[in-house]
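Chemist: Provide a 3D model corresponding to the input given below.
(3 chains)
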Amino acid sequence: MVLQQLSNGLTLGMVYALIAVGYSLVFGILRLVNFSHGSVYAFGAHMAMLFVSMQFGIIPAFILSIVLTGILGIAIDKMALAPLRAKKSKGIAALITTIGISYIIQNVLMITFGSQTKFFPKLFDFGSIYIGGVAFNTTQICISGVSLMLLLILSCVIRYTKVGLAMRAVEQNQKAANLMGIDVNFVVTFTFFLGGASAAIAGTLISGYYQIVYPNMGFVAGLKAFSAAVLGGIGVLYGSIFGGLVVGISESFAAAYLGGSYRDAVAFLILIIVLLIKPTGLFGKKGITKV
Amino acid sequence: MRKLVGLILILMMVLTSFAGCQSSSKIKIAVAGPLTGDFAEYGTGFKNAVELMVEEWNKKGGVLGKQVEVVVFDDKNNGEEAATIAEKIVADKDIKAVIGHFASGVCMAASPKYQEAGLVEMSPSASHPDYTKEGEFIFRNNTVINVEAKVAVDLATKTLGKKKVGILSVKTDWGTKTAEITKTLVKDAGGEVVAHQEVVDGTIDFSPNITKLNSAGAEVVIVAAMYNSLAPFATQYKAVNPKIELVGFSNAYSQQLIDLAKGSAENIHFPTIFFHGSADPKVAEFVKAYKDKYGSSPSSLTAQAYDSAGMILQAIKNAGKADRTAIKDELYKMNYPGVTGATKFENKIGDAVKTFTMVKVQNGKFVEVK
Amino acid sequence: MKEKLSNLSNRINAFIESNKKIVYPVLAILILGLPYVGSSQYILRIIIMIGVYSMLSLSLGLVTGYAGQVSLGHAAFYAIGAYVSALVSISFNLNFFITAPIAAFIAGICGLLLGLPTLRLSGTYLAITTLGFCEVVRMVLLNWESVTRGPLGISRIPKPSFLGIELTISNFGLYYLMVAFLALTTLAVVAIVRSKMGRALMAIREDELAATMMGVKTTYYKVAAFVISAFFSGLAGAFYAHMIRFIDPNTFTFDTSIMILSIVILGGMGTIGGMFLGSALLVSFPEVLRFLQEYRFVVYGAVLVVMMRYRPQGILGGQKKTPYKLPKGGG
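Modeler: Predicted coordinates:
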């Protein structure tokens, strides 16, 4: 039973980690809490559902949705956030902008698709595997695998490519990076594309796991994923995974041993405690407290 | 501080400009519910159902020789907005009754106003036990929890014949109350509640709850939740234990349950007051008309909204005048034969007394349990 | 366009400044006489809600606008005020005028408990902590059933009564009560802003490090601002609970926090008038746009985005400050 709950928590944690990566990417570069990420995630899931229902087949639908959602990420940046940076507005203006965008996306989804919960076909289902009496769903395993792979790819992009180098430079010091000839705006746009694409991947995988899609699916999941990102040290990718797992497992145990309705509070309680003890998160780098 | 002056002037101009309404002798029925926000599907269902009912009456010449008009108000399922809308509705003397508000909490933020102004509020969905206690103008055309829970428990312990009962409930006024009543009823029926799990509304991951219920040895789980929780719960539970039996409640009775859960919806049992396959020709007519007009199948709550509108129009007709108080009085005298069965309000309390049909899902369709 | 706008508002300000003796009494009469000028109860309720949100945004404005600390969880104090007042008045059968101060006081204590450990965090981290706090408060309201009645909420909260008369919207009692509460809040905020504390808060907003260097006890002032802010939010909550007469945990969500913050930013951080204007706009917005039906929240979002794009300092924010007045007789 404890082991089973652990396995439940691990899967849930992977789900949060997948979403958390998007927050972490954008926050790392811009020090901006992107409140629209949750609705971008819902957008990605809806696009995948739309293309699947148009008989594109799962894989092409998946890819189309990733590209489209990435483009949405770029559009958000270009249309709403880039002008703010150009004017050097306060961070809070950007925060409110992302909240405004999430209202727009969520309500447009609702108008187009209706607010009801819709069916999403199951991805990679090969039944359950039992290891020592603990049931592991193959979907769970696949989700974990894909998330790990995604993070590995992202880490490689950031670690070994030229764009990645530029991203790290911008993260450390935008002005200096600009002086060194890095196109900061391109780097930011690219980050938003990655953020959107990862949201679409998360959206599609998670919808495939739970087999449902609905317009405000990103809200609660987004808030929790966000705490996961902060928990692990925002801007640190492997921190997001760790944070996600901590949130997922503690939630699963809270549901089992404290009564189900406390589970939503646990993520935030842990978040507050960690922030009080170590404000930069568990793996956060020191010295990036500028806001 | 000085800017304040100009601001308040502007404010007053803005606000007074959208005041003012003229009175004539039309008959209007208001529909108030969420048309935006997370619960828009239910508000839209209310609106569609009421419009359909009013259209049918208007085709037959309206009520008291007048055409009836439907006015729709969106409250976003938010109590604050609902209370504001209530002010707007009661101020329009042409509006004779309100069908709506969706969630109990939202209904109850608005109902003091309706009671004070003496306007009938008929909610097709409010489930809070205190809702109708606000006053005699406050009605609901929804099931009363203890009657429905009794049927659900019978389904679990008698029809399915299982004694080890698990309960899953959503943490809303309805879910909590239902779970509480169900627990006592299970004991009375000779069963045993092996585990009770609560989830917050909107939960989609039930794995911790399922592990808990399953290891407690539940043979049947009574689920007090809407279709959008019951469907993923069924799917996730049946992946772990395909032999589990599930019993739902009438507000999960929706075509969408089968669309979402597919095979996992098989053999879920429900009590319901509205059944598509009913032998009653009224029901078949309603389902057909609804499908033709809106392209989807009506759910239980939609059918309840449809009957709510019917009852109010019938009350106007019986009273012989479109008068707010007369409508209330007629509703208490009425025994309305609708698509959700015969409805009457007993003992001057606005709770509808209903009879239930037992249904289950078989081969992707709802069928009656004999 | 922008220049013209600020030009105009400057001229209005100048006009008000030079005619102080006429403008303020006229204003007072207008506010007091408003219910009698042919406004329906519908309008009156909206105006009262604008008043409630003005109280909330004034109190948040103290923390966010003047001290520069962003809180995403102000609905928590609003909720605490509402719940405490409702529960105390029902269980002990006390009058609203006794329960409301109790509620505000308890909200203030919660502000202290949250503020003390968290205000050493800054910026985004503080924002996140307050957001988490708000969610935790909501979960406690939902789960602590023996006290808060959980999801059933609290129904039939008594109306406020004054000298035996029940205050309602129709006898304008609630309106005048709101005016009194709002006046109290406004005066308190104005007094704080003009005091030593106000200057300390603004110094913290502009440059916390520099403020510390100048000997400003930053933590003390930040916590004090937070507590005062929580106090008045609690007061607004108490008022709201007794007006609407039914509250449940869903009444106070993250959306409410966002709404309050949006008002502060849209109105203009560090202004008082902006809070009134912001509340008037955002509260009446969904009502005015009712004809747009399902599109109204798309428009709402678009307004936030456009506003931040073209006027990030808010409608009234960022104007030329009036010169600092030197004390008379001094140098």
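
Chemist: which of the helices or strands spans whichever residue of the stretch 201-350 of chain B sits closest to chain C?
Modeler: Minimum separation of the stretch 201-350 of chain B from chain C (CB to the nearest CB) falls at B:D201, amounting to 8.7 Å. Bear in mind the C-beta positions are built from the backbone N, C-alpha and C, glycine included. Assigning secondary structure by DSSP states H and E places B:D201 outside every helix and strand.

Chemist: chain A versus the residue positioned nearest the centre of chain C, what's the distance?
Modeler: Central residue of chain C (CA atoms, centre = their mean): C:L56, 1.6 Å from the mean position. Distance, C:L56 to chain A, using CB to the nearest CB, to the nearest Å: 16 Å.

Chemist: spit out the contact partners of that residue.
Modeler: C:74, C:78, C:232-233, C:236, C:260, C:263 (CB atoms under 8 Å, 6 or more residues apart in numbering or on different chains).

Chemist: and what of B:I312?
Modeler: B:I312 neighbours (CB under 8 Å, 6+ apart): B:29, B:96-97, B:99, B:120, B:122, B:327, B:331.

Chemist: need those residues in a markdown table with pLDDT, secondary structure and distance to B:L155, can you?
Modeler: Formatted as a markdown table, those follow (pLDDT from 0 to 100; DSSP: H, G, I helix; E, B strand; the rest coil; distance: CB to CB, whole Å):
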| residue | pLDDT | secondary structure | distance to B:L155 |
| --- | --- | --- | --- |
| B:I29 | 89 | strand | 36 |
| B:K96 | 88 | strand | 39 |
| B:A97 | 90 | strand | 35 |
| B:I99 | 91 | strand | 30 |
| B:V120 | 90 | strand | 34 |
| B:M122 | 91 | strand | 28 |
| B:I327 | 88 | helix | 36 |
| B:L331 | 86 | helix | 31 |
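
Chemist: farthest pair within these?
Modeler: With CB to CB as the measure, no two of the contacts of B:I312 lie farther apart than B:I29 and B:L331, at 13.6 Å.

Chemist: checking the residue nearest the centre of chain B next. Helix, strand or coil?
Modeler: The residue lying closest to the centre of chain B (CA atoms, centre = their mean) is B:S125, at 2.3 Å. When classified by DSSP: H, G, I helix; E, B strand; the rest coil, B:S125 comes out as coil.

Chemist: again with the one 3 residues further on
Modeler: Under the three-state scheme (three-state DSSP), B:H128 adopts coil.

Chemist: what comes up buried for stretch A:182-192?
Modeler: Buried residues in stretch A:182-192, counting neighbours by 16 or more other CB atoms under 10 Å in any protein chain shown, are found at A:182, A:184, A:187-192.

Chemist: what of stretch B:131-150?
Modeler: Neighbour counts over stretch B:131-150 (16+ other CB under 10 Å) mark B:131-132, B:134, B:136-145, B:147-150 as buried.

Chemist: quick check: the gap between B:I145 and B:T178.
Modeler: For B:I145, the distance to B:T178 equals 5 Å [CB to CB, to the nearest Å].

Chemist: how about the contacts made by the residue nearest to the residue of the stretch 201-350 of chain B closest to chain C when sequence neighbours are not counted?
Modeler: Nearest residue to B:D201 in three dimensions, chain neighbours excluded: B:V170, at 4.8 Å (CB to CB, 6 or more residues apart in numbering or on different chains). Residues in contact with B:V170 (CB under 8 Å, 6+ apart) are B:198-201, B:203, B:224-226, B:229.

Chemist: against C:G150, how distant is B:V170?
Modeler: Using CB to CB, B:V170 is found at 12 Å from C:G150.

Chemist: ditto for B:F39
Modeler: Using CB to CB, B:F39 is found at 20 Å from C:G150.

Chemist: neighbour count: those two, which is higher?
Modeler: The neighbour comparison of B:F39 against C:G150 (other CB atoms under 10 Å in any protein chain shown) goes to B:F39, with 23 against 20.

Chemist: backbone phi and psi for B:T203, please?
Modeler: Note on B:T203: its backbone torsions stand at phi -70, psi 140 [degrees, to the nearest 10].
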